[in-house]
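Chemist: output the structure for:
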Amino acid sequence: MDYIYIQDQETLDEVCARAARQPAIALDTEFVRTRTLTPELGLVQLYDGHQLVLIDPLAIDDMSSLVSLLTNPDVIKVLHSCSEDLEAFLATYNEVPTPIFDTQFAASLLGLGATMGYARLIEMLLETELEKGESRTDWLARPLTDKQCRYAADDVLYLLPAFHQLYDMVKAKGKTDWVLSESACLVDKKKASLPPEFAYLQINNAWRLSSQQLTVLKHLAAWRVRRARERNMALNFVFKEPHLYELALRMPQSKSALARIQSLTPQERRLNPDIILNVVNAGLQEFDNTPSGEHIERISRLIDFPAYKQTLAKFKHAVSEMAVEHGVTEEVLASKKQLNQLLKYKWFNVDECRLMGLKPDVLTGWREPLFAPVVNAILHEENN
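Modeler: Okay, the predicted model is just below:
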């Protein structure tokens, strides 16, 4: 099918107005994210069953008609594995599509395969093999070739007919709401963010550090996040995570002590050493000025809780029974990671979900009515 390449607002407005009259549209994005904290949007693909368009966000200043379409509650937006697309829309327009039907989750729900790639899904449902040659294109470069554009167009051309098949199968199982709810929960998570002062919780091996070292790490991790946001740089391009941990471990207070840390990259060494030393010293001063009973708690691990293995086993057993009851795989209901997220939320004094204003996955959306009674029963039993 021929595509239309849109570089002007008038055509964009007309296309979006026509698409808004359809019950569902297929969407995809192409972006670049090599050294940046957030994706840099290079192309938006849209297919409503009648018109297939490639929208150039670099050429159009006013994208309000597209944003209105994205947020139109009467039009289902069909995407495949939409996590990064949501980030691209959120970073560029501060909005995300809604409602969303994610074909990857729908396929998983139907037992067709977990985390199935788009090409494999299209091959399975439509017996069509897609080209893969342009996946590493620089989508910010102009002009785009016809081959690149056709590769991008295929990402939505086949997505809509695949959606129609999946939608009918999901509807037959009575689980359409599960698919829409799954994406809505993902949107909430993408919109949430951990406050910079708690970024240290996401640093590997932080549990090994003393309270004093954690206080230094808190300042270092917050500095890294703020610098990354200011410059739109990926966190590890600001300062690598293992090196941030080593700074907190060794707490250098002089340029000579900082220079003795051999693992630092040339880029990290090019930073003004006073910047790092000031951050380290700020952490040390906070620790010294804080009453001993109010210092940062050392980070807990689930395996340190005596009841962890037994409680996790009970939840896994409950998930297994629910999977049989509802005719889905255990992975769709709750992964081990999601069960661990729940236990951290319930047991830890400082928890990432709570700090972001979220609840655990199993206590949100379509999972909540299934899991809430089970969670209450198992944790009540453990407390008695």
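Chemist: tell me which residues in stretch 76-88 are buried?
Modeler: Residues of stretch 76-88 classed as buried by neighbour count (16 or more other CB atoms under 10 Å): 76-82, 85-88. Where C-beta positions appear, they are placed from N, C-alpha and C, glycine not excepted.
Chemist: which one of these is nearest A26?
Modeler: The shortest approach to A26 among the buried residues of stretch 76-88 belongs to V78, at 4.7 Å (CB to CB).
Chemist: contacting residues for the closest one?
Modeler: By CB atoms under 8 Å, 6 or more residues apart in numbering, the contact list for V78 reads 24-27, 100-101, 103, 159-160, 163.
Chemist: just the ones in strands from these, please.
Modeler: Counting by DSSP state E, the part of those found in strands is 24-27, 100-101.
Chemist: looking at the residues you listed, which is nearest S210?
Modeler: I100 (44.3 Å).
Chemist: for F163, see how far away the residue nearest to the closest one when sequence neighbours are not counted is.
Modeler: Counting by CB to CB, 6 or more residues apart in numbering, S183 is the residue found nearest to I100 once chain neighbours are left out, at 3.5 Å. To F163, S183 is 13 Å away according to CB to CB, to the nearest Å.
Chemist: what residues do these two have in common as contacts?
Modeler: The contact lists of S183 and F163 share F101, where a contact means CB under 8 Å, 6+ apart.
Chemist: dump the ones in strands among the contacts of V78 to CSV, plus pLDDT.
Modeler: What follows is the ones in strands among the contacts of V78, written out as CSV (pLDDT from 0 to 100):
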residue, pLDDT
A24, 98
I25, 98
A26, 98
L27, 98
I100, 98
F101, 98
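Chemist: what does the domain assignment say about this protein?
Modeler: 4-191, 196-294, 302-382 (automatic domain parsing).
Chemist: helix, strand or coil for L41?
Modeler: strand (DSSP: H, G, I helix; E, B strand; the rest coil).
Chemist: contact partners for it?
Modeler: Going by CB under 8 Å, 6+ apart, L41 touches 29-31, 57, 88-89, 91-92.
Chemist: thinking again about what came up before, just give me the closest of the buried residues of stretch 76-88 to F239.
Modeler: Taking the buried residues of stretch 76-88 together and measuring to F239 by CB to CB, the closest member is E87, at 21.8 Å.
Chemist: chain neighbours aside, what residue packs nearest to the closest one?
Modeler: P39 (5.5 Å).
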